[in-house]
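Asks: After the sequence you'll find the predicted model.
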Number of protein chains: 2
Amino acid sequence: MRIQVLYSGGQDSSLAAVLLEPFFEVELVTCSFGSPAWKHAQKAAGAIGFPFRTVKLGPEVMDGCIGLILKHGYPRYGINYVHMKALEAAAADSEYIADGTRRDDHSPVLSMPEIKSLEMRTGAQYIRPLAGYGRHAIDALVKKHFEIVEGAAIEKSDYESEIRSSIMEKYGKETVSRLFPLEHPQSRVMRRLQK
Amino acid sequence: MRIQVLYSGGQDSSLAAVLLEPFFEVELVTCSFGSPAWKHAQKAAGAIGFPFRTVKLGPEVMDGCIGLILKHGYPRYGINYVHMKALEAAAADSEYIADGTRRDDHSPVLSMPEIKSLEMRTGAQYIRPLAGYGRHAIDALVKKHFEIVEGAAIEKSDYESEIRSSIMEKYGKETVSRLFPLEHPQSRVMRRLQK
């Protein structure tokens, strides 16, 4: 059973891949709008020992995303939209798709009707290995399985960096600061501790 | 990392145990109000190769459960109440507790505030390995890993059989039929197909 796991190089999508590994043939997939940001994910995928590929998302997805972010004044719905498009792209090539979204995540997160719609439209089964795990359990498993680097300025291949760059280009720095006021702590996986 | 998995002998709690096995030391736990219904779970636990124990729930838990079922006129809140008490009992002996509840389950299922409260009160982390899996993905994994028997009259060690017996004793057959109108299809695991 092959599964495509949406992958950023961060601890959550890395842990999702490790939890699936005994039961599926895992392939990591990073979506890209054309910038080389996916290379961080490629490096992390190599470090933890999974096959890796990229999927290109078209400029109309970025336009739709930025439209939603400007409309709402915060990133949540735009990021959810990109995540849905990324899952659809991964589903084109696989019966099973997955990501590293957690029980306590707010974004990206699909609602139950969105999940049902995704599965109906694509025919793929969408699996969230971390959906039943809280923060402390995830921290303990991450610590056991990975060496990570953490910090606000860690480069990884999530959607946010490409979205910010694109808004910067079109609307300038102040719009970026207004729409993304918080620097979330980031993580990137450097090494796998046990296999 | 030891984990106590609430276990009925059915396919869902068996699959939950298998998904956790590569990452935790799994022990299966079946709650009992005193009837020998737990023996079905013990047999299934032996068949799939996990250590097994029982935990006794007091008559006040059964009374509370039946009170809720009579008050609402259907089993959902009573079964949720027993499930919460069962998780609390399992948490007395472990840092991690788990069950076989699925993404699409309606009962037993704890709300997010109930989960947070459970984790705060007990200090244990509650993990739902199947929370991110839909029906088709679970069916595929169950088929790959277990030989099961299915049917309306399969005996397993879920709460419902003991609750029904207890209501039968106190209120008679017609009350049982009114409160539990549907015979849900049941499954019990007979054998593990790969390890």
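Replies: Structure received.

Asks: okay, CA-based contacts and neighbour counts for the rest of this
Replies: OK.

Asks: Which elements pack onto the helix or strand hosting A:Asp63?
Replies: Using DSSP states H and E, A:Asp63 maps to helix A:59-72. On a contact count with 3 or more CA pairs under 8 Å, 6 or more residues apart in numbering or on different chains; DSSP states H and E, helix A:59-72 meets helix A:76-91, helix A:159-171.

Asks: Okay, helices next: where are they in chain A?
Replies: For chain A, the helices defined by DSSP state H cover A:11-20, A:38-48, A:59-72, A:76-91, A:112-122, A:135-145, A:159-171, A:173-179.

Asks: The longest one and chain B in contact?
Replies: No - under the criterion of CA under 8 Å from any CA of the partner chain, helix A:76-91 makes no contact with chain B; the nearest approach is 14.2 Å.

Asks: rewinding a little: buried deepest among the helices of chain A, which one?
Replies: Most buried of these, by mean neighbour count (mean count of other CA atoms under 10 Å in any protein chain shown): helix A:11-20, with a mean of 24.

Asks: and it, average pLDDT?
Replies: Mean pLDDT, helix A:11-20: 97.

Asks: Distance-wise, check A:Asp93 relative to A:Cys65.
Replies: 23 Å (CA to CA, to the nearest Å).

Asks: that older thread, so for the helix holding A:Asp63, mean pLDDT?
Replies: The model assigns helix A:59-72 a mean pLDDT of 97.

Asks: now what about that helix, what contacts it?
Replies: With contacts defined as CA atoms under 8 Å, 6 or more residues apart in numbering or on different chains, helix A:59-72 is touched by A:33, A:75-79, A:81-82, A:85, A:163, A:167, A:179.

Asks: how does it look with 7 Å?
Replies: By CA atoms under 7 Å, 6 or more residues apart in numbering or on different chains, the surrounding residues in contact with helix A:59-72 are A:33, A:75, A:77-79, A:81-82.

Asks: same thing with stretch A:148-161?
Replies: Applying CA under 7 Å, 6+ apart, the contact partners of stretch A:148-161 are A:8-10, A:37-38, A:40-41, A:183-190.

Asks: Name only those of those residues that count as buried.
Replies: Buried subset of the contacts of stretch A:148-161 (neighbour count, 16 or more other CA atoms under 10 Å in any protein chain shown): A:8-10, A:37-38, A:40-41, A:186-190.

Asks: Out of the residues you listed, which two sit at the greatest distance?
Replies: The distance between the two most remote of the buried ones among the contacts of stretch A:148-161 (CA to CA) is 16.3 Å, for A:Ala37 and A:Met190.

Asks: where does A:Thr175 sit relative to A:Cys65, distance-wise?
Replies: Remark: distance between A:Thr175 and A:Cys65 (CA to CA) = 15 Å.

Asks: A:Met120 now?
Replies: 23 Å.

Asks: Kindly report the same for A:Ile138.
Replies: Distance from A:Ile138 to A:Cys65, counting by CA to CA: 29 Å.

Asks: What ranges in chain A fall below the confidence cut-off?
Replies: A:195 (pLDDT under 70).

Asks: Tell me how far the residue sitting furthest away from the middle of it lies from chain B.
Replies: Centroid-distance maximum for chain A: A:Glu174 at 25.5 Å, with CA atoms, centre = their mean. Distance, A:Glu174 to chain B, using CA to the nearest CA, to the nearest Å: 37 Å.

Asks: Equivalent analysis for A:Val29, please.
Replies: As defined by CA to the nearest CA, A:Val29 lies at a distance of 19 Å from chain B.

Asks: doesn't A:Tyr7 make contact with that residue?
Replies: Yes - assessed by CA atoms under 7 Å, A:Val29 is found in contact with A:Tyr7 at 5.4 Å.

Asks: If you count surrounding residues, which of these two has more?
Replies: A:Tyr7 (31 against 28; other CA atoms under 10 Å in any protein chain shown).

Asks: so who does that one touch?
Replies: A:13, A:28-30, A:41.

Asks: Closest one of those residues to chain B?
Replies: A:Ser13 (13.8 Å; CA to the nearest CA).

Asks: got a list of what the residue lying closest to that closest one once chain neighbours are set aside touches?
Replies: Distances taken as CA to CA, 6 or more residues apart in numbering or on different chains place A:Gly100 nearest to A:Ser13, at 4.0 Å, with adjacent residues excluded. By CA under 7 Å, 6+ apart, the contact list for A:Gly100 reads A:12-13, A:16, A:128-130.

Asks: Between all of these, which two are at the greatest distance?
Replies: So, the contacts of A:Gly100 by CA to CA: farthest apart are A:Asp12 and A:Arg128, at 10.7 Å.

Asks: Chain B contacts on chain A?
Replies: Within chain A, the positions near chain B by CA under 7 Å from any CA of the partner chain are A:125, A:127-133, A:137.

Asks: out of those, which are inside strands?
Replies: A:125, A:127 (DSSP state E).

Asks: can you redo the residues of chain A next to chain B as a markdown table with distance to B:Ser107?
Replies: A markdown table is the format used below for these (distance: CA to CA, whole Å):
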| residue | distance to B:Ser107 |
| --- | --- |
| A:Gln125 | 22 |
| A:Ile127 | 21 |
| A:Arg128 | 20 |
| A:Pro129 | 21 |
| A:Leu130 | 21 |
| A:Ala131 | 18 |
| A:Gly132 | 16 |
| A:Tyr133 | 19 |
| A:Ala137 | 24 |
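
Asks: Dump the contacts of helix A:59-72 into CSV; add distance to A:Phe24 as well.
Replies: Listed next are the contacts of helix A:59-72 as CSV, based on distance: CA to CA, whole Å:
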residue, distance to A:Phe24
A:Phe33, 28
A:Pro75, 33
A:Tyr77, 31
A:Gly78, 30
A:Ile79, 27
A:Tyr81, 27
A:Val82, 25
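
Asks: Pull up the gap between the nearest residue to A:His184 once chain neighbours are set aside and A:Arg192, please.
Replies: Using CA to CA, 6+ apart and skipping the chain neighbours, the partner closest in space to A:His184 is A:Ala152 (6.1 Å). The gap separating A:Ala152 from A:Arg192 is 22 Å, by CA to CA.
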